[in-house]
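K.L.:
Quick one: sequence plus predicted model below, questions after.
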Amino acid sequence: MTLDASPSAISRNARATLLALVACCATTMASAQAWPTKPVTLVVGTPAGGSVDAYGRALADQLARQTGGTFLVENKRGANGNLSAEQVKNAQADGHTLWISTQAMFTINPSVYSAMRWKQADFKPIAKGIESPLVLVTHPSVPAKTLSELVKWVSANPGKVNYASFSPGTPSHFLGFQLNERFKLDMVHVAYKGSAPQIADLLGGQVLVGFTQLQAALPNVQSGKLNAIAVTSRVRTNFMPQVPSLAELGFPELSSTVWFGLVAPSATPRTVLDQILAATVKAQADAAYKARLEAQGFDVPQESGDEFAATIAAETARWAQVVKATGFRANE
C-alpha cells in the first residue's frame, strides 16, 4: 500500500482532524451548558400541603411546561429549613438540585442557630417567588378594633395577654417582640409549630393576639371569626384593602413581608445559573402562573438576581439586630 504523504493530503487530514475536534468540543460545551439535562429537584424545607410547598409545586409545574424538563418537589423538613439547605448544598452543583427557601430560613436562621452547617455564601439567589405581609389579628372577644385601642387594652392588662407566633425565630415571633418594645407592653410570647395550630388557638380564644400569615387569616377575617388590626406591608394589600398598614399608622419600623424564593448552590456554573434565572423570570411573568398564586393570596414580585440578593442582605442585617435584642437562640 502506498501512503499519500503529499502536503495537500496532510493538509486535508489536518483540517479533517481539526474539524472533528471542534465539533467534539462544541458538543461537549453545549452539553455542559444545557439545562435541564435530567430531572430537577426543588427541595422544600416544610411539610407537603403547606404554603411553601404550594409555591414550590406551582413553580415546578411552570418550569416543566417552559423547558420541557422534569421538575420534582421533595419535602425535607426539619430545623426550620436547615436540613433542606444542607441537602441542596451537598448535592452536585449542576443546577439539578435547587432550594425553595423562605425569608425566615435564609435571613433569620444565620442569626439564631449557633452551629449551622450551611452559610448564605453557599447559595446564589435566583428570584423572590412570592411575597406577602403578615396580619396582626385578634380574637373577637378582644375589645379593640384599631391598633391604638389594642395598645390601650393590652397596657391595661400587663402580663395577662399572650401573643401567638406560627413558629419561634420567624417574623411572626419577632414582630410581636418589636410591638412590645415599641409600646412598652408586656405580652407573653406563645410559639406554635405552624400556621394551622396558631390559627386554631386564635379561633378558639386560647390566645387572643398574633401576627399570622395573610393566607391563613383571610377567610377567618372575612367570616368575622378574627379581627384584622393591621398588615405589615408598607402599603395596604389588595387582599385586605380595608385594613391599614402599620407604616400607614406611623410605625414603618414594624413593616415586614415574608417571601418564598428560589436559590441555587453558588458553585453552579455561571451559564447554568443564567438559564435558571431566565426561566424563573419568564415563569413569574406568565399571566396564568401569576393568577394561580394570586388566587392563594400571594403577590408575585418581579425581583431577581442582584436585586433579590440586595434585599436578602438588608433583611439579614435587620433581623440580626432584632435577634440580638431578644436574646433568642434556636434549639439545634
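P.N.:
Noted; the coordinates are in hand. Keep in mind it's a predicted model, so treat the numbers as computed, not measured. Numbers count the residues shown, from 1 in each chain.
K.L.:
the helices in the protein, which residues?
P.N.:
For the chain, the helices defined by DSSP state H occupy 7-33, 51-67, 82-90, 103, 109-112, 147-155, 171-183, 195-204, 214-222, 270-285, 287-294, 305-326.
K.L.:
Which stretch among those approaches residue 241 most closely?
P.N.:
Distances from residue 241 to each of those were compared using CB to CB; the minimum, 11.9 Å, belongs to helix 214-222. Placement of C-beta: from N, CA and C, glycine included.
K.L.:
thought residue 91 was touching residue 265?
P.N.:
Yes. At 7.1 Å, residue 91 counts as touching residue 265 under the criterion of CB atoms under 8 Å.
K.L.:
Need the overlap of contacts for the two.
P.N.:
Residues within reach of residue 91 and of residue 265 at once, by CB atoms under 8 Å, 6 or more residues apart in numbering, are residue 97.
K.L.:
of those two, who's got more company?
P.N.:
Counted by other CB atoms under 10 Å, residue 91 and residue 265 do not tie: residue 265 has more neighbours, with 20 against 15.
K.L.:
Just give me the residue closest to the centre of the protein.
P.N.:
In the chain, the residue lying closest to the centroid (CA atoms, centre = their mean) is residue 260, at 1.9 Å.
K.L.:
will you turn the helices of the chain into a markdown table that also has mean neighbour count and mean pLDDT?
P.N.:
A markdown table is the format used below for the helices of the chain (neighbours: other CB atoms under 10 Å; pLDDT from 0 to 100):
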| stretch | mean neighbour count | mean pLDDT |
| --- | --- | --- |
| helix 7-33 | 10 | 46 |
| helix 51-67 | 21 | 95 |
| helix 82-90 | 20 | 97 |
| helix 103 | 22 | 95 |
| helix 109-112 | 21 | 96 |
| helix 147-155 | 17 | 98 |
| helix 171-183 | 21 | 96 |
| helix 195-204 | 17 | 94 |
| helix 214-222 | 19 | 93 |
| helix 270-285 | 17 | 97 |
| helix 287-294 | 14 | 95 |
| helix 305-326 | 16 | 96 |
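K.L.:
Between the ones you listed, which one is closest to residue 239.
P.N.:
Between residue 239 and these, the tightest spacing by CB to CB is seen for helix 214-222, at 6.1 Å.
K.L.:
What would that closest one look like as PDB? C-alpha coordinates only.
P.N.:
What follows is helix 214-222 as a C-alpha-only set of coordinates in PDB (Å, rounded to 0.1, in the frame of the first residue of the first chain):
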ATOM      1  CA  LEU A 214     -52.400  36.500  55.400                       C
ATOM      2  CA  GLN A 215     -53.500  33.400  53.600                       C
ATOM      3  CA  ALA A 216     -54.500  31.700  56.900                       C
ATOM      4  CA  ALA A 217     -56.100  34.800  58.300                       C
ATOM      5  CA  LEU A 218     -58.100  36.000  55.300                       C
ATOM      6  CA  PRO A 219     -61.100  33.600  55.300                       C
ATOM      7  CA  ASN A 220     -61.400  34.000  59.100                       C
ATOM      8  CA  VAL A 221     -61.300  37.800  58.900                       C
ATOM      9  CA  GLN A 222     -63.900  37.700  56.100                       C
END
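K.L.:
So which elements touch it?
P.N.:
For helix 214-222, the elements it packs on are strand 123-138, helix 195-204, strand 227-231, judged by 3 or more CB pairs under 8 Å, 6 or more residues apart in numbering; DSSP states H and E.
K.L.:
Among these, which comes closest to residue 146?
P.N.:
Nearest of the helices and strands packed on helix 214-222 (CB to CB): strand 227-231, 6.8 Å.
K.L.:
now the angle from the closest one to helix 214-222?
P.N.:
Orientation check (axes from the mean of the first three to the mean of the last three CA atoms, to 10 degrees): strand 227-231 against helix 214-222 gives 140 degrees.
K.L.:
need the contact list for residue 299.
P.N.:
Residue 299 makes contacts with 130, 131, 132, 237, as judged by CB under 8 Å, 6+ apart.
K.L.:
6 Å instead, please
P.N.:
residue 131 (CB atoms under 6 Å, 6 or more residues apart in numbering).
K.L.:
Who does it form a beta bridge with?
P.N.:
Residue 299 has these beta-bridge partners by DSSP bridges: residue 131.
K.L.:
ok, back up a step: among the helices and strands packed on helix 214-222, which is nearest residue 162?
P.N.:
helix 195-204 (9.4 Å).
K.L.:
what's next to that closest one, contact-wise?
P.N.:
Around helix 195-204, the neighbours that count as contacts under CB under 6 Å, 6+ apart are 164, 166, 192, 207, 210, 212, 213, 216, 225.
K.L.:
Quick check: closest non-adjacent residue to the third one.
P.N.:
It stands for residue 192. In space, and not counting its chain neighbours, residue 192 is closest to residue 198: 4.1 Å by CB to CB, 6 or more residues apart in numbering.
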